[in-house]
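Colleague: A predicted structure for the sequence below; I have some questions about it.
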Amino acid sequence: MRQNLFARTIFLFLLIFALAAPTQAGEPTDQMKLTIDKIIDILNDPALKGPAKAEERRTQMRRVADERFDWREMARRSLAKHWKQRTEEEKREFVPLFTDLLERAYLKRIENYSGDKVSYDDEKVKGKYSLVKVKIFTDKQVEIPVAYKMQKKGSEWMIYDVSIEGVSLVKNYRKQFDSVILSSSYEGLVDKLKEKVAKN
């Protein structure tokens, strides 16, 4: 079940604040709402409806997601100690590969949104970091707590991790990546990620 929850992470983020109950939003929430509006506009655009427009629709959604997700920071935290051992060339290869893996896996699911309801719980800001907590109520009335970790870069609040039921997306990938690297090699991990991207 937890794997299924991770598979829903990105599109739940994209819809979360558009459906949340009214609250006194802080700057991180306000910026995310702008992102949500863009995604909803894309999903509701008649000119982008249907299978024939799927690639164009996902390209536009990918562009919007790129504005709010700090993929490089997520990749760095997911590789953890192995990141420091990588050359700049390897990092330049890994970040877009990691990004492509997540986007390809999740963007299709955004279009299958099934009416989950969201309750906004809390927003905490400490310096350049913020934590946004929500509860998602599925169509089967299952309550799922989700927390979004964000870091301010310039004037923007960027997501660098998502936790579902207390389980961190970044830590989950970190464990998987570390296992593959230790049992095989970094090159072996890159090959596996390329295979997954190709399948999606």
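Modeller: Okay, I see it.
Colleague: Could you pull out the strands in the protein for me?
Modeller: 117-126, 129-137, 143-153, 156-164, 167-168 (DSSP state E).
Colleague: what's the longest helix in this structure?
Modeller: Looking across the chain with DSSP state H, the single longest helix is helix 88-110.
Colleague: Pull it out as PDB, backbone CA atoms only.
Modeller: Below are the C-alpha coordinates for helix 88-110, written out as PDB (Å, rounded to 0.1, in the frame of the first residue of the first chain):
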ATOM      1  CA  GLU A  88      30.300  17.200 -12.100                       C
ATOM      2  CA  GLU A  89      29.800  15.400 -15.300                       C
ATOM      3  CA  GLU A  90      28.100  12.500 -13.400                       C
ATOM      4  CA  LYS A  91      25.900  14.900 -11.500                       C
ATOM      5  CA  ARG A  92      24.800  16.600 -14.700                       C
ATOM      6  CA  GLU A  93      23.800  13.200 -16.100                       C
ATOM      7  CA  PHE A  94      22.100  12.000 -12.900                       C
ATOM      8  CA  VAL A  95      19.900  15.000 -12.100                       C
ATOM      9  CA  PRO A  96      17.900  15.000 -15.400                       C
ATOM     10  CA  LEU A  97      17.700  11.200 -15.300                       C
ATOM     11  CA  PHE A  98      16.300  11.300 -11.800                       C
ATOM     12  CA  THR A  99      13.900  14.100 -12.800                       C
ATOM     13  CA  ASP A 100      12.800  12.200 -15.900                       C
ATOM     14  CA  LEU A 101      12.100   9.100 -13.800                       C
ATOM     15  CA  LEU A 102       9.800  10.900 -11.400                       C
ATOM     16  CA  GLU A 103       8.000  13.000 -14.000                       C
ATOM     17  CA  ARG A 104       7.400  10.100 -16.300                       C
ATOM     18  CA  ALA A 105       6.200   7.900 -13.500                       C
ATOM     19  CA  TYR A 106       3.800  10.500 -12.000                       C
ATOM     20  CA  LEU A 107       2.500  12.800 -14.700                       C
ATOM     21  CA  LYS A 108       0.300  10.100 -16.200                       C
ATOM     22  CA  ARG A 109      -1.300   9.700 -12.800                       C
ATOM     23  CA  ILE A 110      -2.200  13.300 -12.500                       C
END
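Colleague: Of the strands of the chain, which stretch is the most buried?
Modeller: By mean neighbour count, with neighbours taken as mean count of other CB atoms under 10 Å, strand 156-164 ranks first of these at a mean of 20. Yep, even glycine has a C-beta here, placed from its N, CA and C like the rest.
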